[in-house]
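Chemist: Pasting the sequence and the predicted model now:
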Amino acid sequence: MEQRTIAAIATPLGEGSIATVRISGQDAPQVVDRIFKSVSGKKVASLAGYTALYGSVYSGEKIIDNAVVLNFKAPKSYTGENVVEISVHGGRIVIKNVLRAALDAGAFLAEPGEFTKRAFLNGKLDLVEAEAVMGIISAHSKAELDLSFSSLSGKVSSQINNIKEKLLEAAASIAFFADYPDEELPELNNQNFYKMLTSAHQSLNDMLSNFDAGKILREGVDTAIVGKPNVGKSTLMNLLSHKNRSIVTEIAGTTRDIIEDTVMVGDIMLNLADTAGIHKTDDVVESVGVKLAEEKKNTAQLILAVFDLSRPLDDNDLELLNSIKGKNAIVVLNKTDISGNVPQGVFDGFKTVLVSAKNGLGEQELIKAIAEITKVSSINPDSAVLGSERQRGCALRARDAISAAINALEIGTTIDAVGVCIDDALAALYELTGERATNTVTNEIFKRFCVGK
Ligand code: GDP
């Protein structure tokens, strides 16, 4: 199907050294030839791919700016179509004027993600790789960028494709058996068939088990700093955020509201909340803060429970410790610059870190503990990490269908029943990589992209 030619600003709007309008579609060179005159007199439409021209972009008879035009010929371009990029000086007005000129010359304004959607429709990327493009653009840390880049380079897709191939082989054997039931089909009866299913199951399980850690890298962790008044919660918040966000005083109960900040701790983004000191109080205002702190503690994905090592633990401390048992929590033993004596036995079974929030002692150990507890440190850089809830949902469906196939084999049901499960698994995997994703699914994915990508 011939697509209309689209145009959009491909660089961030603002002041910069260059800004680019990208134009994609059959007529992209002709559109550009209507608004651009090269110094050499050459036309874009007559240019070879991967070549550039220098000249000026025009709005009617008036020059908008000097420009470099870069030509990509179908199918060797990002979208697989003819693509021309016009780069001018990086200013908001100049680039908007170039876009306006391209639209006046016959291009249509691109929808969000339309360039990448065309790349997908033209077989340049599968859906997993397209989602990885978005991951690269929005990466907050090097680790997150590495994951998205390895997904864009085909790590996830090739692993999924391997599983698909195995399942297809199995499905073909089953179909053959259905057509020629009297033929010998050793692979249906011997261990190979079973082994193949269990290995596909294992691969999907490995990918799924990395998902939560990958999600943490992408989305961050809601983290509550809790503890009784004056143990150093606000000081810890300020240490982790490297700024004086929370008010630190010796007066207990200073933090009554919840103070929130987003900070990068190593590779992980923490959505930190410094809460009011959790303790018994008759002060009406303070008790509202304590209630909020309790709520935050109950809903947070990670709790940093702070205790003051320079003073004996009291009932408030012990109650807090009891309330975080079994939760995703790190016990932060603070004020080690005054005292390093850890009471015997009390913190057994908890992940503990000794720090001095005031002078930064133990910060690296705390960062390491956070990476361990969130399992981010256990992500194998060579493993395939699923990049979205959509991918996870498909992988789960495929894994469960393979489980059902294994189960059917074990209890000796008909081979047809095994075949149905394998078909279900294949359908889920085809949806994952996009061969059988519905329009609604693909539209949903691409509309989350920015215009121009
Ligand atoms: P919060 O009520 O738990 O938020 O406690 P703050 O962060 O406001 O700290 C209470 C007091 O303890 C302040 O005077 C801080 O300067 C002090 N403090 C916090 N952390 C440390 C630490 O690591 N060492 C020492 N010596 N004092 C600290």
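Modeler: Arrived safely.
Chemist: and the closest residue in space to Leu318 that isn't next to it in sequence, what does it touch?
Modeler: Leaving aside its sequence neighbours, Leu318 sits nearest to Val346 (C-beta to C-beta, 6 or more residues apart in numbering; 7.8 Å). No exception for glycine: its C-beta is placed from N, CA and C like everyone else's. With contact set as C-beta atoms under 8 Å, 6 or more residues apart in numbering, Val346 has these partners: Leu313, Leu318, Leu321.
Chemist: Count the residues that sit near Arg311.
Modeler: Here the number of neighbours of Arg311 (other C-beta atoms under 10 Å) works out to 13.
Chemist: Against which helices or strands is the host helix or strand of Leu426 packed?
Modeler: Under the criterion of DSSP states H and E, Leu426 resides in helix 415-433. Using 3 or more C-beta pairs under 8 Å, 6 or more residues apart in numbering; DSSP states H and E as the contact test, the elements touching helix 415-433 are helix 127-138, helix 155-179, helix 389-411.
Chemist: what about the nearest residue to Lys368 once chain neighbours are set aside, distance to the ligand?
Modeler: Take Lys368 and drop its neighbours on the chain: the residue closest to it by C-beta to C-beta, 6+ apart is Ser377, 7.3 Å away. Applying C-beta to the nearest ligand atom, to the nearest Å, the value for Ser377 to the ligand is 25 Å.
Chemist: Just confirm Ser377 contacts Ala371, I think it does.
Modeler: Yes. The criterion here is C-beta atoms under 8 Å, and Ser377 meets it with Ala371 at 4.0 Å.
Chemist: what mean pLDDT does the helix holding Leu426 have?
Modeler: Across helix 415-433, pLDDT averages out at 92.
Chemist: Show me what counts as buried in that helix.
Modeler: Buried residues in helix 415-433, counted by 16 or more other C-beta atoms under 10 Å: 415, 418-419, 421-422, 424-433.
Chemist: Run through who's touching that helix.
Modeler: For helix 415-433, contacts defined as C-beta under 8 Å, 6+ apart pick out 126-128, 157, 160-161, 163-164, 167-168, 170-171, 174-175, 177-178, 188, 200, 390-391, 394-395, 397-399, 401-402, 404-405, 408-409, 436-437, 441.
Chemist: Go again with 6 Å.
Modeler: For helix 415-433, contacts defined as C-beta atoms under 6 Å, 6 or more residues apart in numbering pick out 126-128, 157, 160, 164, 167, 170-171, 174, 177, 391, 394, 397-398, 401-402, 404-405, 408-409, 436-437.
Chemist: Buried ones among those?
Modeler: By neighbour count, with 16+ other C-beta under 10 Å, the contacts of helix 415-433 hold 126-128, 157, 160, 164, 167, 170-171, 174, 177, 391, 394, 397-398, 401-402, 404-405, 408-409, 437 as buried.
Chemist: so after the worst-scoring helix or strand of the chain on mean pLDDT, what's the next helix or strand?
Modeler: None of the helices or strands of the chain scores lower by mean pLDDT, DSSP states H and E than helix 186-189, at a mean of 54. Next along the chain after helix 186-189, taking DSSP H and E as the criterion, comes helix 191-219.
Chemist: elements contacting that next one?
Modeler: Judged by 3 or more C-beta pairs under 6 Å, 6 or more residues apart in numbering; DSSP states H and E, helix 191-219 is in contact with helix 142-152, helix 155-179, helix 389-411.
Chemist: Kindly format the C-alpha coordinates of the first one as PDB.
Modeler: It refers to helix 142-152. Coordinates of each C-alpha in helix 142-152 appear next as PDB, following Å, rounded to 0.1, in the frame of the first residue of the first chain:
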ATOM      1  CA  LYS A 142      23.500   3.500  31.500                       C
ATOM      2  CA  ALA A 143      22.100   0.100  32.700                       C
ATOM      3  CA  GLU A 144      18.700   0.900  31.400                       C
ATOM      4  CA  LEU A 145      20.200   2.100  28.100                       C
ATOM      5  CA  ASP A 146      22.200  -1.100  27.800                       C
ATOM      6  CA  LEU A 147      19.100  -3.200  28.200                       C
ATOM      7  CA  SER A 148      17.100  -1.300  25.600                       C
ATOM      8  CA  PHE A 149      20.000  -1.300  23.200                       C
ATOM      9  CA  SER A 150      20.500  -5.000  23.500                       C
ATOM     10  CA  SER A 151      16.800  -5.500  22.900                       C
ATOM     11  CA  LEU A 152      17.000  -3.200  19.800                       C
END
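Chemist: Could you export the helices and strands packed on helix 191-219 to JSON lines, including columns for mean pLDDT and distance to Gly326?
Modeler: Converted to JSON lines, those look like this (pLDDT from 0 to 100; distance: least, C-beta to C-beta, whole Å):
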{"stretch": "helix 142-152", "mean pLDDT": "87", "distance to Gly326": "28"}
{"stretch": "helix 155-179", "mean pLDDT": "87", "distance to Gly326": "33"}
{"stretch": "helix 389-411", "mean pLDDT": "94", "distance to Gly326": "25"}
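Chemist: can you tell me the residue of the stretch 351-453 of the chain closest to the ligand?
Modeler: Nearest to the ligand in the stretch 351-453 of the chain, going by C-beta to the nearest ligand atom, is Lys358, at a distance of 3.3 Å.
Chemist: so that residue, which of the three states?
Modeler: Classification of Lys358 using DSSP: H, G, I helix; E, B strand; the rest coil returns coil.
Chemist: Contacts only, for it.
Modeler: Thr235.
Chemist: So what are the structural domains in this protein, by residue number?
Modeler: According to automatic domain parsing, the chain comprises the domains 6-126, 141-210+385-434, 227-378.
Chemist: how about JSON lines for those domains, with distance to Phe449 added?
Modeler: Shown next, in JSON lines, are the domains of the chain (distance: least, C-beta to C-beta, whole Å):
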{"stretch": "domain 6-126", "distance to Phe449": "3"}
{"stretch": "domain 141-210+385-434", "distance to Phe449": "13"}
{"stretch": "domain 227-378", "distance to Phe449": "21"}
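Chemist: coming back round to it: got the helices and strands packed on helix 191-219 as CSV, with distance to the ligand columns?
Modeler: Formatted as CSV, the helices and strands packed on helix 191-219 follow (distance: least, C-beta to the nearest ligand atom, whole Å):
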stretch, distance to the ligand
helix 142-152, 29
helix 155-179, 43
helix 389-411, 36
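Chemist: any idea whether Val332 is helix, strand or coil?
Modeler: Here Val332 is strand, with the state taken from three-state DSSP.
Chemist: Contacts for stretch 46-61, please.
Modeler: By C-beta under 6 Å, 6+ apart, stretch 46-61 touches 35-39, 42, 63-73, 76, 98, 101.
Chemist: rewinding a little: now render the helices and strands packed on helix 191-219 as JSON lines, adding distance to Tyr194.
Modeler: Formatted as JSON lines, the helices and strands packed on helix 191-219 follow (distance: least, C-beta to C-beta, whole Å):
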{"stretch": "helix 142-152", "distance to Tyr194": "30"}
{"stretch": "helix 155-179", "distance to Tyr194": "10"}
{"stretch": "helix 389-411", "distance to Tyr194": "6"}
